[in-house]
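K.L.:
My questions are about this predicted structure, shown below with the sequence.
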Amino acid sequence: MESALCWGLATFGACWLVHWGLWWIRVPKGYLVWLPAIFWLLPLAGGISFFWATGDKLPQTETEWFAWILAALLHLTVSSCYICGYAGITEYSPSAEVLLAVREHMPQGLPVNELRVRSFTEHGLTSPRIEDLHTSGLVAIHDGRLRVTRLGCFALALSRVYRVLVGVELTGRG
Amino acid sequence: MSPAMWILLLALTAAPLGTWLGTAAINWTARAVGRSPLPQLACFGAGFATMAGLVVLFLVLQPTGSAPRELLAGVLLTGAYGFCINFLNWFVFTVTETSMHAHLLVEIGHEGEIARAELDRRYNKATIIAARIPRLLELGQLRLDGDRLYLAGSWVLASALVLRRLRRLLGIPPRPPQENAAPAALKAARRDERFAR
């Protein structure tokens, strides 16, 4: 277990350093391609090349195989969390800005009607996201009017099925 | 591999499905007893139960022996794995619940076709901020006393501060564009002009 924990975390750490180095050179567009390539394909390719080059270094015992599988599972889940959570790094959270605005008025508290979130421009929240939906083919824009494409309808249906199964209202509160 | 190793591996691979089923079970139970579900809390409840279950299962099975270092490493590994599964389960739910992308798609899909101005009237900075306050109260991050809001919890704020540090580390601006920032406003206005065309 000790080697599984160390290898799992070390693999994630090494991939994160590659990601950090690349981002300092230039933050690439399309992180949904770059991050899986760095965190999943790179260690996979590295591992395969390593075993191919040193065939006799394959795990010899069941305990070693068990440790390798656990290390891979740990790296896979931690890196999946990082890739999913990366949206939270690049896209600013309105909830966090509300909390920061309230924090400025502690300990006396902030009257609800005086809550002003100065970060975010009026269209800074919606315009880039509409552009994202447009470029990803979920929404079509024609003559200043927006409509959902077939792909968008599929995404909506998928979301509805998920929400019905999980036992909540059909649409989120935004 | 020994049966204990197989059982632990099976439990780890089944954990995501188990967490999701647990979330659904909590929400459906709340509905059955006539209460409105608290889905974010259901996600965390099911997630932490799974995490605790995995740690206990490891301690019972002890697949690689009972040496203290092995036990500690096993607890840390299963705990970290369970925590990640918890996060991923919550994240998938959050995408359908709070994601602005998802909400915009729903608003557009609801109407079939909608003018940009009408969409802005329905879903804008004010409605987005207003939707966050009940959720932050529900999650115990804010407290409403009379007509005043107070900070009550710390984990959302702490996560936001961690994300801010990560942005700095990765060379991304740590705060969003401010309301009075002329270049950002100009950029947004240009984008809107493009949509209006």
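P.N.:
Perfect, I can see it now. Numbers count the residues shown, from 1 in each chain, chains lettered A, B, ... in the order given.
K.L.:
CA only for contacts and neighbour counts going forward, please
P.N.:
Will do.
K.L.:
what residues go with each domain of chain A?
P.N.:
Domain segmentation of chain A under automatic domain parsing yields A:2-91, A:122-174.
K.L.:
how far does the last one sit from the chain's center?
P.N.:
This points to domain A:122-174. Between the centre of domain A:122-174 and the centre of its chain there are 18 Å (Cα atoms, centre = their mean, to the nearest Å).
K.L.:
Tell me the first helix or strand C-terminal of the lengthiest helix in chain A.
P.N.:
Using DSSP state H, we find that the single longest helix of chain A is helix A:62-90. Per DSSP states H and E, helix A:62-90 leads on to helix A:94-103 as the next helix or strand towards the C-terminus.
K.L.:
now the helices: where do they sit in chain B?
P.N.:
B:3-32, B:39-61, B:68-97, B:100-111, B:116-122, B:125-138, B:155-170, B:182-196.
K.L.:
Let me see the ranges of the helices in chain A.
P.N.:
Under DSSP H, chain A gives helices at A:2-25, A:31-36, A:42-53, A:62-90, A:94-103, A:127-135, A:150-166.
K.L.:
Dump those helices into JSON lines; add mean neighbour count, distance to residue B:139 and mean pLDDT as well.
P.N.:
Listed next are the helices of chain A as JSON lines, based on neighbours: other Cα atoms under 10 Å in any protein chain shown; distance: least, Cα to Cα, whole Å; pLDDT from 0 to 100:
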{"stretch": "helix A:2-25", "mean neighbour count": "17", "distance to residue B:139": "31", "mean pLDDT": "93"}
{"stretch": "helix A:31-36", "mean neighbour count": "14", "distance to residue B:139": "30", "mean pLDDT": "86"}
{"stretch": "helix A:42-53", "mean neighbour count": "13", "distance to residue B:139": "38", "mean pLDDT": "86"}
{"stretch": "helix A:62-90", "mean neighbour count": "19", "distance to residue B:139": "18", "mean pLDDT": "90"}
{"stretch": "helix A:94-103", "mean neighbour count": "20", "distance to residue B:139": "11", "mean pLDDT": "85"}
{"stretch": "helix A:127-135", "mean neighbour count": "17", "distance to residue B:139": "26", "mean pLDDT": "84"}
{"stretch": "helix A:150-166", "mean neighbour count": "16", "distance to residue B:139": "19", "mean pLDDT": "90"}
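K.L.:
Ok, which of the ones you listed comes nearest residue B:43?
P.N.:
helix A:150-166 (9.9 Å; Cα to Cα).
K.L.:
Excluding covalently adjacent residues, which one is nearest to residue 172?
P.N.:
Since you didn't name a chain, this refers to chain A. residue B:97 (3.9 Å; Cα to Cα, 6 or more residues apart in numbering or on different chains).
K.L.:
I was after chain B.
P.N.:
residue A:90 (7.4 Å).
K.L.:
Might one say that that neighbour is in contact with residue B:174?
P.N.:
No - counting by Cα atoms under 8 Å, residue A:90 does not reach residue B:174; the two are 9.1 Å apart.
K.L.:
Common neighbours of these two, please.
P.N.:
The contact sets of residue A:90 and residue B:174 overlap at residue B:167 (Cα atoms under 8 Å, 6 or more residues apart in numbering or on different chains).
K.L.:
Just the pLDDT at residue B:182, thanks.
P.N.:
At residue B:182, the model reports a pLDDT of 44.
K.L.:
And for residue B:103, the neighbour number?
P.N.:
21 (other Cα atoms under 10 Å in any protein chain shown).
K.L.:
quick one: it from residue A:5, how far?
P.N.:
Separation of residue B:103 from residue A:5 (Cα to Cα, to the nearest Å): 39 Å.
K.L.:
same deal with residue B:137?
P.N.:
According to Cα to Cα, residue B:137 and residue A:5 sit 37 Å apart.
K.L.:
Residue B:159 is nearest to which of the domains of chain A?
P.N.:
That would be, of these and by Cα to Cα, domain A:2-91, which comes in at 9.7 Å.
K.L.:
Can you get me the start-to-end distance on the closest one?
P.N.:
First-to-last distance for domain A:2-91 - Cα to Cα - comes to 36 Å.
K.L.:
list the contacts for residue A:107?
P.N.:
By Cα under 8 Å, 6+ apart, the contact set of residue A:107 is residue B:150.
K.L.:
List phi and psi for it.
P.N.:
phi -90, psi 0 (degrees, to the nearest 10).
K.L.:
In contact with residue B:113, which residues?
P.N.:
The contact partners of residue B:113, taken as Cα under 8 Å, 6+ apart, are A:145-148.
K.L.:
and residue 23, what is it in contact with?
P.N.:
Chain wasn't specified; assuming chain A. By Cα under 8 Å, 6+ apart, the contact set of residue A:23 is B:170-171.
K.L.:
oops, chain B please
P.N.:
Counting by Cα under 8 Å, 6+ apart, residue B:23 touches A:166, B:39, B:42-43, B:45-47.
K.L.:
just residue B:84 next, same as before
P.N.:
Per Cα under 8 Å, 6+ apart, neighbours of residue B:84: A:77-78, A:81.
K.L.:
thinking again about what came up before, please pick the buried ones from the contacts of residue B:113.
P.N.:
Buried residues within the contacts of residue B:113, counting neighbours by 16 or more other Cα atoms under 10 Å in any protein chain shown: A:145-148.
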